[in-house]
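Enquirer: quick check, what structure comes out for this input:
(one chain, ligands or ions: 1)
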Amino acid sequence: MTKLSLRSFQEIEEVAETDQEITYFVQLRKKPSCCPHCDSSAKMYKLGQAKTQWVKDVPQGNKRVKLLVYRKRYQCSSCGVQFWERMQDVDPKRKMTKRLVAFIPEEAQCTLVAPTSKKLGICQGTIRQVCRDAMTDEEYNDLMERGFQTSGRRKPKE
Ligand SMILES: [Zn+2]
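Expert: So this is what the prediction gives:
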């Protein structure tokens, strides 16, 4: 039932699941094929260091999903530069999968910002920023306007 279905990652430990949340423990399936600095396809040496990084993903059913990624470090044998492996399914600006970044504006269009924030466990400011980046001015202003109307009680007093 619980399945990650992101091809670039492979699971390395059993899924942890609670009533509200699913956690996948993953690493990248493939070694880097070329150097991100010099573009060489020379051998990449895996270094001893690794780090873990949390990444949020699209919900499954009514559960929030996050990945704990074990990220490895490599050194290019051509230019000598060291680098953390790139995560192609993860948004470069945010600690979210690209599919989550695509999901947020759709969800916000349907249910508005505050419920989307609550459902995903992501603060409203971030939800608004993701929507701002993905939407036209008109769509975004409309979304903000609808949010304002439904939270009428919070209007400042005159
Ligand atoms: Zn290189």
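Enquirer: from here on, just use CA atoms for contacts and neighbour counts.
Expert: Noted.
Enquirer: partner residues bridging the residue nearest the centre of the chain?
Expert: Geometric centre of the chain, nearest residue: residue 96, 1.0 Å, by Cα atoms, centre = their mean. Residues in a beta bridge with residue 96, per DSSP bridges, are residue 56.
Enquirer: from now on call the first residue 255
Expert: Sure, I'll start numbering at 255, so the last one becomes residue 350.
Enquirer: just checking, it touches residue 309?
Expert: Yes. In this structure, residue 350 is within contact of residue 309 by Cα atoms under 8 Å, at 5.0 Å.
Enquirer: which residues are common contacts for the two?
Expert: Common contact partners of residue 350 and residue 309 (Cα atoms under 8 Å, 6 or more residues apart in numbering): residue 344.
Enquirer: any idea how far residue 364 is from residue 316?
Expert: 16 Å (Cα to Cα, to the nearest Å).
Enquirer: tally of neighbours for residue 292?
Expert: Residue 292 sits with 13 neighbouring residues when counted by other Cα atoms under 10 Å.
Enquirer: ok but it is inside a strand, no?
Expert: No. Counting by DSSP: H, G, I helix; E, B strand; the rest coil, residue 292 is not part of a strand but coil.
Enquirer: nearest spatial neighbour of it, chain-adjacent residues omitted?
Expert: Nearest non-adjacent residue to residue 292, counting by Cα to Cα, 6 or more residues apart in numbering: residue 333, 6.7 Å away.
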